[in-house]
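[1] Build the 3D model from these lines:
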Amino acid sequence: MELSAAFRERLEHMEQTRNQRLSLLQAEKNLQASKSMALSSKLANIRSMEQRCSLLDLKVASQNFKICRLKSEIERLDAKYESDSQQLRVTKMEAEELEELEKERNKLYDSKGSEMREFRQRAERFGLECKMRVQELRNAISEMQESFEKFRGNHGSWSDSEIGAAERRKSQLLDAKEDLDRNLGLNYQMRAQLQMELQTIVAIHSHPRK
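    Sure thing, here's the model as predicted:
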């Protein structure tokens, strides 16, 4: 009986020890489970943060790409502005040169036009003078012919002095005719030259430089 009581006591002690160990193991298990859940939660938080960081990296990369694109666009616009500014300066210089050429051409046109008008007036006066001199020559020739016919009717022959006077008069008339022909030739040449110059100026004035 004493042995059975001791054995029973021993069994109860062992059962109690086992139960304590089981309780400790369960508590440890619960603690490990709690730690595992906490670790899982932390890992989940870390993964969530990594995802957010990845999204932020993508956003940053996208913003950097937009910044680079805008920077390139700004540089392109700056280059275009500089090119347009240069072209504007060149166009302005060309316009100023064209204005100066236009002024010079107008001055030349006015000058040549004035010369042409003056020449036309001189030519008209010269034409009238030529007509008058031609008429004078005709009158002189007619006068000589009348004198010749009259002399032949009265005397039939001329004296040496009369022949000499007639020859001198004839020579004078020929010299006057040569002068008249020479002046007419010079007048025609000058008139043709001025007309060519005026036509050139008119052509330039009618077709302005583009």
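
[2] which one's the longest helix in the protein?
    The residue-count maximum for a helix in the chain (DSSP state H) belongs to helix 2-154.

[3] any idea how far Lys112 is from Met190?
    For Lys112, the distance to Met190 (Cβ to Cβ, to the nearest Å) stands at 13 Å. Heads up, the C-betas are built off the backbone N, CA and C, glycines and all.

[4] And those two? Which one has more around it.
    Lys112 (17 against 13; other Cβ atoms under 10 Å).

[5] Enumerate every residue touching Arg182.
    For Arg182, the contact set (Cβ atoms under 8 Å, 6 or more residues apart in numbering) is empty.

[6] Look up how far Ala176 lies from it.
    11 Å.

[7] repeat for Glu146
    From Glu146 to Ala176 the distance is 19 Å (Cβ to Cβ).

[8] between these two, who's got more neighbours?
    Counted by other Cβ under 10 Å, Glu146 and Ala176 do not tie: Ala176 has more neighbours, with 15 against 10.

[9] these two touch, right, that one and Val134?
    No: the criterion here is Cβ atoms under 8 Å, and Ala176 misses it with Val134 at 9.8 Å.

[10] quick one: least confident helix or strand in the chain?
    The weakest-scoring helix or strand in the chain, judged by mean pLDDT, DSSP states H and E, is helix 160-206 (a mean of 70).

[11] distance of the residue nearest to the spatial centre of the chain from Lys35?
    The residue lying closest to the centre of the chain (Cα atoms, centre = their mean) is Thr91, at 4.8 Å. To Lys35, Thr91 is 81 Å away according to Cβ to Cβ.

[12] got it, and Ile74?
    To Lys35, Ile74 is 56 Å away according to Cβ to Cβ.

[13] Tell me how many other residues surround Phe119.
    If we define neighbours as other Cβ under 10 Å, then Phe119 has 19 of them.

[14] What separation do you get for it and Asp179?
    Going from Phe119 to Asp179 by Cβ to Cβ gives 20 Å.

[15] again, but for Leu25
    Distance, Leu25 to Asp179, by Cβ to Cβ: 153 Å.

[16] Kindly report the same for Asn64.
    Separation of Asn64 from Asp179 (Cβ to Cβ): 97 Å.

[17] Next: Arg117.
    Taken as Cβ to Cβ, the span from Arg117 to Asp179 is 26 Å.

[18] Same check on Arg133?
    According to Cβ to Cβ, Arg133 and Asp179 sit 9 Å apart.

[19] I am finished for the moment; much appreciated.
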